[in-house]
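**Q** Make a model of this:
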Amino acid sequence: MIKDNYNGPALDTASSSGNTWMVKYALDSTIRDQREEMLQMKDVFGRTPIHWAAAEGHKDVLLSAHDRLSGDEWFKVLQMKDTDGFSVVHHGGHHHISESHHT
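**A** Numbers count the residues shown, from 1 in each chain. Model (predicted):
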């Protein structure tokens, strides 16, 4: 797996920069059973690609990931906490990301 500068998956960089096309491509190129695992990989800060997308306010990245996971898988990803104990919802709160969550 390709890593970024913070030892996280390269998907972190695509997610934090709002590169929706790259996120879709990476997830669509991965077999369904491994998508959740890919989105749960943590960097040195304990953040996942979804933490980064939420923190930077990239709703399109979040929705693209959401559309490629089952409801249970998405719920697990949202509940993950970084090394400071913050969840994806916490990181996205200042951007009102939680308002865009749909089922």
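
**Q** separation between residue 17 and residue 23?
**A** Separation of residue 17 from residue 23 (CB to CB, to the nearest Å): 10 Å. All C-beta atoms are positioned from the backbone trio N, CA, C, and that covers glycine.

**Q** more neighbours, these two?
**A** Using other CB atoms under 10 Å, the more surrounded residue of residue 17 and residue 23 is residue 23, with 25 against 15.

**Q** Tell me which residues of the helix or strand that contains that one come out buried.
**A** Using DSSP states H and E, residue 23 sits in helix 20-28. Buried residues in helix 20-28, defined by neighbour count with 16 or more other CB atoms under 10 Å: 20, 22-24, 26-27.

**Q** and if you look at stretch 59-77?
**A** 59, 61-62, 64-66, 68-69, 73-74, 77.

**Q** Need the distance between the two termini of it.
**A** 15 Å (CA to CA, to the nearest Å).

**Q** what's the spacing between that stretch and its chain's center?
**A** 8 Å (CA atoms, centre = their mean, to the nearest Å).

**Q** can you give me the helices for the protein?
**A** Along the chain, the segments classed as helices by DSSP state H run 10-17, 20-28, 32-40, 49-55, 59-66, 71-79, 88-93.

**Q** could you redo those as CSV and give each row mean pLDDT?
**A** Listed next are the helices of the chain as CSV, based on pLDDT from 0 to 100:
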stretch, mean pLDDT
helix 10-17, 86
helix 20-28, 91
helix 32-40, 86
helix 49-55, 92
helix 59-66, 94
helix 71-79, 91
helix 88-93, 81
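
**Q** follow-up on the earlier one: now the helix holding residue 23, how far from the chain's geometric center?
**A** For helix 20-28 - counting by CA atoms, centre = their mean - the centre lies 11 Å from the chain centre.

**Q** again, but for stretch 44-64
**A** Counting by CA atoms, centre = their mean, stretch 44-64 is centred 4 Å from the centre of its parent chain.
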